[in-house]
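Visitor: Pasting a predicted model and its sequence here:
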Amino acid sequence: MAQVPLVVGLGVRNSIVSALLGKGSEKFNYLHRFLGRSIFVASTLHVAPYLHKYAIDDDFVAQLGKPVISTGCFGYIALILISLSSIPVIRRKAFQFFQISHWIGMVILLVSLSVHVPICLPFTLSSLSLYFLDLLLRLLFKTQNAFLGTPAVLLPLSDGLTTLLEIPSLTTGWRAGQHVYVRVFHPGMGLGKMWESHPFTIASAGAEGEGDGEPLRVFVKSVKRGWTERLFGFASDGEVGTGEDRMRFGGAKGGRRCRVLVEGPYGGTGNILFSSFSSVLLVSGGSGITFSLAQALSLQSKALLGLVRARSIDLVWIFQSEASLQAFMPYLLPLLNNASSNKTASSFKALKINLHIYITRPSSQFAYDPSLSTTLLPAHDHLYIHTGRPNLSDLVNAKVEEAAMEAKRLNGRGVNPCGLGIGACGPQGLVRSLRNVVGGLKGERMGEVGGVEVVTEAFGV
């Protein structure tokens, strides 16, 4: 049972390991799961011989009358509850059941262990100390206006699936790639769902230097029969903002103002800084665009301060329907427009952003003509829209070739190249495929460009 404090320490959001290594606790969740399963296996090996012995002697009921046996059974049942609810398919399909089962199971397990074997008391107390320390840190240092909440705007986007949550009063305090936990504490969410908190990647860039940052912004994609679907319905039932505001937010009707509890930020890219690379490639699938959008906006702001090595970055977004394009384009266009205006807005070099959009299941009516400029899809030299899925190998190899050319330019000036930084966020299949492509690159080629670093964020729990 000495492993229990380790499991708790790796499972809390403010873990010691995260503080020491500078990475979010989600990066170490595989260790949390591994140790938890090892505890279950070890406990089963401990319980099975006793059950076998009691079955042969036919005195199991009599043995249950002993506190040491009954508390041991309660603790093992709690472990079964935790383990069953942690099965990946159950965890994904019924996440709230998984969370509640974890909480109830841990309480029963720790109490039962303390009575079952008194020598376990120090381990249970240390586990509880780690958990309550995490709660205290979250309440005092990680939650904005923990008792009153923070004013926010909820707006449904025109794709009928996505809710924009924007907090105007928060414009700094996070790094690109970090996420926050959001709880919409409003009766309109329903008695059960108003208590739920869910993590979302921040899609805006905080203030860099002395400039004003964008408001904290997250995009919440609706999933049937879940908290996100209720949030979209709740936002759609209201009416906030002028017609001009709604066009800025994707052209949808509805919207609400309410108070939310925002906890974070957590996670991030750790010690990997995209601004330090000579070349950058950002690949997103579906709602993973929030990760790449925040990175691109942050690099764009830092470029004005002369803090970005790369002269250009490529952002690739892969999604199913053009409805997503209509909803998100108001947030993507500033990347292109600001890249053009930066040439005169700063004494430092402009950062060119190439936006590659791939629509995998376009409707038969969809057609894009780069020579025709519209409000939604203006003609732009660095906007490329395709139908179908991209060839990830071609994308990576083309970027490596570009990075090699940049390396030759730097070498000619006596400067060492600083490598290629690749960021990916999306479904696990996309992230896995991209890693495989990068893993297949030749070592000599990677050495020419100064190395290749990959940062990935995959959907799923």
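Guide: On my side now, so go ahead.
Visitor: Let me see the domain layout of the protein.
Guide: 4-141, 150-267, 274-458 (automatic domain parsing).
Visitor: possible to save those domains as TSV with mean pLDDT and mean neighbour count?
Guide: All C-beta atoms are positioned from the backbone trio N, CA, C, and that covers glycine. Converted to TSV, the domains of the chain look like this (pLDDT from 0 to 100; neighbours: other C-beta atoms under 10 Å):
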stretch	mean pLDDT	mean neighbour count
domain 4-141	92	16
domain 150-267	85	18
domain 274-458	86	18
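Visitor: which residue ranges form the strands in this protein?
Guide: For the chain, the strands defined by DSSP state E cover 143-144, 150-156, 162-167, 178-183, 198-201, 216-221, 256-267, 279-285, 312-319, 352-359, 383-387, 420-426, 452-458.
Visitor: need those strands in TSV with distance to residue 291, can you?
Guide: What follows is those, written out as TSV (distance: least, C-beta to C-beta, whole Å):
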stretch	distance to residue 291
strand 143-144	21
strand 150-156	21
strand 162-167	15
strand 178-183	9
strand 198-201	5
strand 216-221	11
strand 256-267	10
strand 279-285	6
strand 312-319	11
strand 352-359	15
strand 383-387	20
strand 420-426	4
strand 452-458	6
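Visitor: So for residue 126, which of the ones you listed sits nearest?
Guide: Closest of these to residue 126 is strand 256-267, at 23.1 Å (criterion: C-beta to C-beta).
Visitor: what's that closest one packed up against?
Guide: Secondary-structure packing of strand 256-267 (3 or more C-beta pairs under 8 Å, 6 or more residues apart in numbering; DSSP states H and E): strand 143-144, strand 150-156, strand 162-167, strand 178-183.
Visitor: nearest to residue 70, of those?
Guide: Comparison of these against residue 70 by C-beta to C-beta identifies strand 178-183 as nearest, at 37.7 Å.
Visitor: Determine the angle, from 0 to 180 degrees, between that closest one and strand 150-156.
Guide: Counting by axes from the mean of the first three to the mean of the last three C-alpha atoms, to 10 degrees, strand 178-183 points 90 degrees away from the direction of strand 150-156.
Visitor: looking at the strands of the chain, which is closest to residue 408?
Guide: strand 279-285 (12.5 Å).
Visitor: Which neighbouring elements make contact with the closest one?
Guide: Contacts defined by 3+ C-beta pairs under 8 Å, 6+ apart place strand 279-285 against helix 289-303, strand 312-319, helix 392-412, strand 420-426, helix 428-439.
Visitor: Kindly reformat the ones you listed as CSV and extend each row with distance to residue 277.
Guide: Listed next are the helices and strands packed on strand 279-285 as CSV, based on distance: least, C-beta to C-beta, whole Å:
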stretch, distance to residue 277
helix 289-303, 10
strand 312-319, 9
helix 392-412, 9
strand 420-426, 4
helix 428-439, 14
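Visitor: Just list what the top helix by length along the chain packs against, helices and strands only.
Guide: Assignment by DSSP state H gives helix 29-57 as the longest helix of the chain. Helix 29-57 is packed against helix 4-11, helix 60-64, helix 67-85, with contacts defined by 3+ C-beta pairs under 8 Å, 6+ apart.
Visitor: same thing but at 10 Å, please
Guide: helix 4-11, helix 60-64, helix 67-85, helix 95-116 (3 or more C-beta pairs under 10 Å, 6 or more residues apart in numbering; DSSP states H and E).
Visitor: List just the one of these that sits closest to residue 254.
Guide: Closest approach to residue 254 among these is made by helix 95-116 (25.7 Å; C-beta to C-beta).
Visitor: Measure how far the closest one is from the centre of its chain, please.
Guide: In terms of C-alpha atoms, centre = their mean, to the nearest Å, the centre of helix 95-116 is found 26 Å from the chain centre.
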